[in-house]
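> return atomic coordinates for the entry below.
(2 chains)
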Amino acid sequence: MAEPHDTKRPTGSVNRETSDLASRIAAAQRSREGAEVGGAAARDMTALSRAIRLGSEFIAAILVGTGLGYLIDSLVGTRPWAMLVLLLLGFAAGIVNVTRAVAEMNNAAPVPARSELAPDDEDENDDK
Amino acid sequence: MADPNTVDPIHQFAIYDIFTLGDTGISFSNSSLFMVLTVGTIAAWLLLSTAGRKIIPNRAQAASEMLYEFVANMVRGAAGTEGMKFFPFVFSLFMFVLVANYFGMVPYFFTVTSHIIVTFALAMLVMVVVIGYGFARHGVKFLKLFVPAGVPGYVLPIVVPIEVISFLSRPVSLSVRLFGNMLAGHITLKVFAGFVVTLGSLGFLGVLGAVLPLIMAVALTALEFMVSTVQAYVFAVLASMYLNDAVHPSH
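Prediction:
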């Protein structure tokens, strides 16, 4: 990740340049190891894309649940029961999807420490 | 669109065959053409820009390296260092969606990602890789993905179907999101551009009024470029998060 204008850098002492490079490599490696799983997911999404994400997660689960139920019904011949049950399960799955997506977004953008809305320690264990 | 006074915002999504391979039913459509163009552009850009392999990169090489770093950090952030074996896959997906979206912004170009079958095929590709790799790597333990840890046994009959539906809904939401964004954006753009033409043909006052939708069309073009980028990013991030499930199936 050297910048293109590095070519024009005045040639200082070789030692200084190599130690600069070494420290930059060390810093890059540290930031690489520090990247935790699931952290960078939804960091810089716009509000619009966040809204679309939540909406599509919710609706997709309902559609998939209903479609699956319809499929089972037409295979087994129990119309409309599997579809009704799986519609409700799809609704629940949609809620699960949305809570997961929101939890991700919350992890990506931590609440400021002194905020009133910051979660207590007791609330934290719900979705783990 | 021969008649300038009829606005047909859907016309841009029409698929027609350019040539067909005998009577096999396999045809090369304008969609295929733009897929080939997309892949060709990506390959040509990446090959040409990294051909020099300079230690101190020039601009083109620096841009390619930034793309690499960006996707690499994304995969590493979502799926951990172990997930980096999927980097080529996610990078290909990201570049394909990104360049296809950008191609759609060029007038008279076809938007590959505005057809749900294309985005759904891409999403199913991700799902097949997740399921295939998950079972190959973890065997039956991969099914623990559907059994959240710490759930008492008597609620499992309810929780497991919910988890399965939630898993199955992923390719749908992934593909519908990309397809919906591109389709809606291009239709809106076409409708507002159509307003300019229609109002402009109504004489002096009409031309004055046409300024408003013109401003809107310009703003929407900028918005569409942003949406193109963000949706390619979202697609790749979610793909790598789903791949994370294949690498680490327990929640």
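> which residues sit against the helix or strand that residue B:98 is a member of?
Using DSSP states H and E, residue B:98 sits within helix B:87-104. Identification of contacts with helix B:87-104 by Cβ atoms under 8 Å, 6 or more residues apart in numbering or on different chains yields B:34-35, B:37-39, B:41-42, B:67-68, B:71-72, B:74-75, B:109-114, B:122, B:125-126, B:129, B:178, B:182, B:186, B:225, B:227-229, B:231-233, B:235-236, B:239-240, B:243. From N, CA and C alone the C-beta is placed, and that goes for glycine too.
> likewise for stretch B:10-29?
Contacts to stretch B:10-29, defined as Cβ under 8 Å, 6+ apart, come from residues B:1, B:30-33, B:110-111, B:114-115, B:183, B:186-187, B:190.
> what of stretch A:48-68?
By Cβ under 8 Å, 6+ apart, stretch A:48-68 touches A:42, A:45, A:83, A:86-91, A:93-98, A:101-102, A:105, B:165-166, B:168-170, B:172-173, B:176-177, B:180-181, B:227, B:230-231, B:234.
> before we move on, what about stretch B:159-173?
A:56-57, A:59-61, A:63-65, A:68, A:86, A:89-90, A:92-94, A:96-97, A:100, B:120, B:123-124, B:126-127, B:145-148, B:151, B:238, B:242.
> buried ones in the helix holding residue B:98?
Neighbour-count burial for helix B:87-104, with 16 or more other Cβ atoms under 10 Å in any protein chain shown as criterion, is recorded at B:87, B:89-91, B:93-104.
> burial of residue B:193, as a residue count?
For residue B:193, the neighbour count with other Cβ atoms under 10 Å in any protein chain shown is 20.
> now, which of the buried residues of helix B:87-104 sits nearest residue B:211?
Set against residue B:211, the nearest of the buried residues of helix B:87-104 by Cβ to Cβ is residue B:104 (25.9 Å).
> find me the pLDDT at that closest one, would you?
The per-residue pLDDT reported for residue B:104 equals 92.
> shaky segments in chain A?
Counting by pLDDT under 70, the ranges of chain A that qualify are A:1-18, A:31-45, A:110-128.
> wasn't residue B:28 part of a helix?
No - the assignment for residue B:28 (DSSP: H, G, I helix; E, B strand; the rest coil) gives strand, which keeps it out of a helix.
> what about it, distance to residue B:119?
20 Å (Cβ to Cβ, to the nearest Å).
> so those two - more neighbours on which side?
Comparing residue B:28 with residue B:119 by other Cβ under 10 Å, the one with more neighbours is residue B:119, at 27 against 13.
> the residue nearest to that one when sequence neighbours are not counted: neighbour count?
Distances taken as Cβ to Cβ, 6 or more residues apart in numbering or on different chains put residue B:175 closest to residue B:119, at 4.0 Å, once the chain neighbours are dropped. Applying other Cβ under 10 Å, we find 24 residues neighbouring residue B:175.
> again with residue B:129
Counted with other Cβ under 10 Å, the neighbours of residue B:129 add up to 17.
> which element follows the host helix or strand of it toward the C-terminus?
If you go by DSSP H and E, residue B:129 is part of helix B:116-138. Tracing the chain past helix B:116-138, the next element assigned as helix or strand by DSSP H and E is helix B:156-200.
> ok, back up a step: format the contacts of stretch B:10-29 as TSV; extra columns: distance to chain A, neighbour count and pLDDT.
Shown next, in TSV, are those (distance: Cβ to the nearest Cβ, whole Å; neighbours: other Cβ atoms under 10 Å in any protein chain shown; pLDDT from 0 to 100):
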residue	distance to chain A	neighbour count	pLDDT
B:1	30	12	42
B:30	27	15	91
B:31	23	21	92
B:32	27	16	92
B:33	29	13	93
B:110	23	23	92
B:111	17	24	92
B:114	15	24	93
B:115	17	17	93
B:183	13	18	93
B:186	16	20	93
B:187	16	15	93
B:190	20	20	90
